[in-house]
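Colleague: pasting the sequence and the predicted model now:
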Amino acid sequence: MLDDTNIIVGKNIREARTNILEISQDELARRVGLSRPSVANIESGRQQVTVHQLMIFSNALGIPAYRLLPNTPEKNEDLAEDAYQVEPGLQKWLAGL
């Protein structure tokens, strides 16, 4: 069974890749140092992203890492307020890292 958090993170990576940078999976794979099949698996939610990889994807996509996570605000200058409002599925995912 696929974890919802992995699916959402993968979807957010795919949307940033296609809508912001308009690059292929091959190009993103080159930028993050992974194979294209690994990027495809991450985008589909079949492969979990580590915190380290999340930061690499964030840098490669040119967006803050928190925008790749589920249930994060579109525009929020003070993320400290949201620190206590982490979705239970995300808490489980973070605990597994």
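Modeller: Alright, I've got the coordinates.
Colleague: now do the helices in this protein.
Modeller: All helices of the chain, identified by DSSP state H, fall at 4-15, 25-32, 36-44, 51-61, 88-95.
Colleague: quick one: which of those is nearest L68?
Modeller: Minimum separation from L68 across the helices of the chain (C-beta to C-beta) falls at helix 4-15, 4.6 Å. (C-beta placed from N, C-alpha, C; glycine too.)
Colleague: and the closest one, what's its mean pLDDT?
Modeller: The average pLDDT within helix 4-15 is 95.
Colleague: pull the CA atoms of that helix into PDB?
Modeller: Extracted in PDB, the C-alpha atoms of helix 4-15 (Å, rounded to 0.1, in the frame of the first residue of the first chain):
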ATOM      1  CA  ASP A   4      -0.500   9.100   1.200                       C
ATOM      2  CA  THR A   5       2.400  11.400   2.300                       C
ATOM      3  CA  ASN A   6       4.800   9.800  -0.300                       C
ATOM      4  CA  ILE A   7       2.100  10.200  -3.000                       C
ATOM      5  CA  ILE A   8       1.500  13.900  -2.100                       C
ATOM      6  CA  VAL A   9       5.300  14.700  -1.900                       C
ATOM      7  CA  GLY A  10       5.800  12.900  -5.300                       C
ATOM      8  CA  LYS A  11       2.800  14.800  -6.800                       C
ATOM      9  CA  ASN A  12       4.200  18.100  -5.600                       C
ATOM     10  CA  ILE A  13       7.600  17.300  -7.000                       C
ATOM     11  CA  ARG A  14       6.000  16.400 -10.400                       C
ATOM     12  CA  GLU A  15       3.900  19.600 -10.400                       C
END
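Colleague: quick one: buried residues of it?
Modeller: Across helix 4-15, burial judged by 16 or more other C-beta atoms under 10 Å covers 5-6, 8-10, 12-14.
Colleague: in a markdown table, list these along with distance to G33.
Modeller: Below are those laid out as a markdown table (distance: C-beta to C-beta, whole Å):
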| residue | distance to G33 |
| --- | --- |
| T5 | 23 |
| N6 | 20 |
| I8 | 23 |
| V9 | 18 |
| G10 | 17 |
| N12 | 19 |
| I13 | 15 |
| R14 | 18 |
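Colleague: of the residues you listed, closest to N71?
Modeller: Distances from N71 to the buried residues of helix 4-15, taken by C-beta to C-beta, are shortest for I8, at 8.2 Å.
Colleague: fine, thanks again, bye for now.
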